[in-house]
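Participant: no sequence for this one, just the structure:
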């Protein structure tokens, strides 16, 4: 088994510092592919990719950033758009030394899928391949309804049952999100995001995916799990120019957590090409 080096570090973005959890082979000669950047759903953190990261980092560097305002990254000063999130993450990736002469691959899930798309749109010069899963592609009317439903934030200071209800939902009942320990850290990161944790989902439903996704010019893989974003992901496949859709309907929502080897194998089929 390939020995890995894992480390935590920061890079500067437009809203302050962006926190990364990174991994690579200990032996530099084992690195055979471009770096992979994984963008998490909200409100969680890059920790969600722990197992997938270890599988993918045997022959490349894998960076898992915390989106601004989540995990250990600095908070934006006000409610951002998805373009703001993408710009801040692109800043941080560039600050790590990546660019036109050192391209990267991207993977994102749910909120992270649109963050990845925005990074790719804003910095196509440093992109190679982009993999997206659970893409929230909706009509403008559906986006408006979804956005209205989350407006106002999380009732952390007004609902005394909120924390217990989230613990039950995410930890005790969240069997589609891995083992108990993994589900617990998902809960912790939701709490860490605080009352403004809804800013991530709000940015999702403020993005005009029908206009933005067709602008992706690099090869794109869409992974569709058996979850609420299955049909939106199928719909997204119809408007992205250079796209491959792979449906993995035996996997639940967080398929990259519950069966990381299977997801890693599919990512490798797409990414590990010359």
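Facilitator: Sure thing, it's come through. Since we're looking at a predicted model, the values are computed, not measured. Numbers count the residues shown, from 1 in each chain.
Participant: Give me the buried stretch members for the strand or helix carrying residue 117, please.
Facilitator: Assessed by DSSP states H and E, residue 117 sits inside helix 111-122. Residues 111, 112, 113, 114, 115, 116, 117, 118, 119, 120, 121, 122 are the ones in helix 111-122 that count as buried (16 or more other CB atoms under 10 Å). (Each C-beta comes from the backbone N, C-alpha and C, glycine too.)
Participant: Spell out the residue ranges of the helices in the stretch 1-150 of the chain.
Facilitator: Ranges of helices within the stretch 1-150 of the chain are 50-56, 82-95, 111-122, 140-150, based on DSSP state H, counting those that start in this stretch.
Participant: Show me what the shortest one is packed up against.
Facilitator: Using 3 or more CB pairs under 8 Å, 6 or more residues apart in numbering; DSSP states H and E as the contact definition, the elements that helix 50-56 packs against are strand 16-25, strand 36-39, strand 62-65, helix 255-258, helix 260-271.
Participant: got these as a markdown table, with distance to residue 186, mean pLDDT and mean neighbour count columns?
Facilitator: A markdown table is the format used below for those (distance: least, CB to CB, whole Å; pLDDT from 0 to 100; neighbours: other CB atoms under 10 Å):
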| stretch | distance to residue 186 | mean pLDDT | mean neighbour count |
| --- | --- | --- | --- |
| strand 16-25 | 15 | 98 | 21 |
| strand 36-39 | 15 | 98 | 27 |
| strand 62-65 | 14 | 98 | 27 |
| helix 255-258 | 9 | 96 | 24 |
| helix 260-271 | 15 | 97 | 17 |
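Participant: Just put the ones you listed in JSON lines and tack on distance to residue 199.
Facilitator: Putting these into JSON lines (distance: least, CB to CB, whole Å) gives the following:
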{"stretch": "strand 16-25", "distance to residue 199": "15"}
{"stretch": "strand 36-39", "distance to residue 199": "15"}
{"stretch": "strand 62-65", "distance to residue 199": "16"}
{"stretch": "helix 255-258", "distance to residue 199": "23"}
{"stretch": "helix 260-271", "distance to residue 199": "27"}
